[in-house]
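> Predicted coordinates and the sequence they were generated for:
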Amino acid sequence: MCRIGAIKSRNYIHPSKALQLMRSQQKGHDNSGFAMVMQDLGGRFANYKELPILSMACTDEGVKIAEDILHEAGFSRVMQWSPEINEQAGLKIEPMPNYVFQVLHYPKSYKYAPASEKEELLVDIRLQIREALEETNDGYVYSFWPDVLTLKEIGDPTDIGTYFNLWEEDEDFTAKIITAQCRQNTNYDIVRYAAHPFFLEGYTALANGENTFYEKNKNFQKGLYKGYIGFESDSQCFLYTLHYIHKILKWPLQYYKHTVTPLPYDVAEKREDHAILQNIRAVLSNLELNGPNTIIAVLPDGTMLNTCDAKKLRPVVIGRTADTAVISSEVTGLNEILPDRDWTEDIYTHEREMIVINNDLEVERWQQ
């Protein structure tokens, strides 16, 4: 089983909060891994919000491979940070030799380039580094994007937290948005890329459940955008569809829900926008999802959302205080992180709605 969680706060928070959120749901996952994406960074990264951060786990040769590619492209390093490692005996973890988090300046030729060109450059370079590392089996590159840091590891989440010294709060390593999951891809071969959350061009997605339309989604998505690669997990399709609907097609966010879980024909026909819904179903039917799942996602502007399959076959709950909102697979996660919240205001997402949390922590319930 998977367990997922997301924390969005007005204040900077430490990854220990994400570990606590996941540990409280320990009976619901298999202790095979821990992964997180941190966005809107504070601490040592707070002064570099406009510059891209490379997140990698690799061998010594992998570091050289990545640095050669970045140098050739014209990037220059501003700052590099690696977590302080605690190599305590008996930890259940399969670490890589190096964990690299580099802040880089864009090439000089991109000084006056529009944002869209910079974004495509970052995608191209990440894909180039990934391909080079795969050729020699020298590591993994998870994200290359401003104000974003990604860590994925195999092992027991508690031990992973100990290994990276993440249990003790540290003001130098914080973010306002943290998404996390505690499970590796144990349905198939364990590959670090398969661990949720997944990230692409400012979009983050993670899921609890299965996608039985995986092959249909994958075969269609492969031809839509260069960044839709890997497919080590059926849940990556959730991210790629969100990116395609919202970033590529530039549709309003509510049509993501209409794409992945379309309304029954007889219900859709009664709506004012029935022609739009009919066209979505006709043209993008290969992006429909099936199977039990609940999805958490973050947009580039920090908006957080949650939606479920059309039968609501996986649990999820949302709670909040004045300064923090949390999405969790189980209410025990909320109890751990937000013990003083008004639990009567907790939201259990329905199968035909999307929950949207904006940057003022206002919660909207969009009915399909």
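That came through fine.
> which parts of the longest helix seen in the chain are buried?
With secondary structure taken from DSSP state H, the chain has its longest helix at helix 115-136. By neighbour count on 16 or more other CB atoms under 10 Å, the buried set for helix 115-136 is 118-119, 121-123, 125-126, 128-130, 132-133. In this view, the C-beta of every residue, glycine as well, is placed from N, C-alpha and C.
> Doesn't I178 lie inside a strand?
Yes - using DSSP: H, G, I helix; E, B strand; the rest coil, the assignment for I178 is a strand.
> Please name the bridge partners of it.
Note on I178: beta-bridge partners by DSSP bridges are I7, M38.
> from the buried residues of helix 115-136, which is closest to M304?
For the buried residues of helix 115-136, the residue nearest M304 by CB to CB is E119; the value is 20.8 Å.
> re earlier: CA atoms of the longest helix of the chain as CSV?
Only the C-alpha atoms of helix 115-136 are listed here, as CSV (Å, rounded to 0.1, in the frame of the first residue of the first chain):
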residue,chain,number,x,y,z
ALA,A,115,10.7,32.5,-19.1
SER,A,116,9.4,30.0,-21.6
GLU,A,117,12.9,29.6,-23.2
LYS,A,118,14.6,29.1,-19.8
GLU,A,119,12.0,26.5,-18.8
GLU,A,120,12.6,24.5,-22.0
LEU,A,121,16.4,24.8,-21.4
LEU,A,122,16.0,23.3,-17.9
VAL,A,123,13.9,20.4,-19.2
ASP,A,124,16.4,19.7,-22.0
ILE,A,125,19.4,19.7,-19.7
ARG,A,126,17.7,17.5,-17.1
LEU,A,127,16.9,15.0,-19.9
GLN,A,128,20.4,15.1,-21.2
ILE,A,129,21.9,14.5,-17.7
ARG,A,130,19.4,11.7,-17.1
GLU,A,131,20.3,10.0,-20.4
ALA,A,132,24.0,10.3,-19.7
LEU,A,133,23.7,8.9,-16.2
GLU,A,134,21.5,6.0,-17.4
GLU,A,135,24.1,5.0,-20.0
THR,A,136,26.7,4.3,-17.4
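> returning to what we had before: among the buried residues of helix 115-136, which two are most distant?
Farthest-apart pair in the buried residues of helix 115-136 is K118 and L133; separation 22.6 Å (CB to CB).
> Return the list of helices and strands in contact with the helix or strand L305 falls within.
Secondary structure assignment for L305, by DSSP states H and E: strand 304-308. Secondary-structure packing of strand 304-308 (3 or more CB pairs under 8 Å, 6 or more residues apart in numbering; DSSP states H and E): helix 254-260, strand 293-298, strand 324-328, strand 353-357.
> how about low-confidence regions in this protein?
Filtered on pLDDT under 70, the chain yields the residue ranges 1, 26-31, 183-189.
> what about the helices in it?
Taking DSSP H as the test, the helices found in the chain are 16-23, 60-73, 115-136, 157-163, 214-221, 236-243, 254-260, 265-268, 274-283, 331-337.
> Please work out which of the ones you listed is packed deepest.
helix 236-243 (a mean of 26; mean count of other CB atoms under 10 Å).
> Quick one: residues contacting D170.
The contact partners of D170, by CB atoms under 8 Å, 6 or more residues apart in numbering, come to 14, 43.
> That one and N98: what is the separation?
20 Å (CB to CB, to the nearest Å).
> sorry, back to before: any chance of the buried residues of helix 115-136 in CSV, plus distance to E153?
Converted to CSV, the buried residues of helix 115-136 look like this (distance: CB to CB, whole Å):
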residue, distance to E153
K118, 29
E119, 27
L121, 28
L122, 23
V123, 24
I125, 23
R126, 19
Q128, 24
I129, 19
R130, 18
A132, 22
L133, 17
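> ok, these vs G202, which is closest?
E119 (8.0 Å).
> Excluding chain neighbours, what is closest to that closest one?
Nearest residue to E119, sequence neighbours excluded (CB to CB, 6 or more residues apart in numbering): E201, at 5.9 Å.
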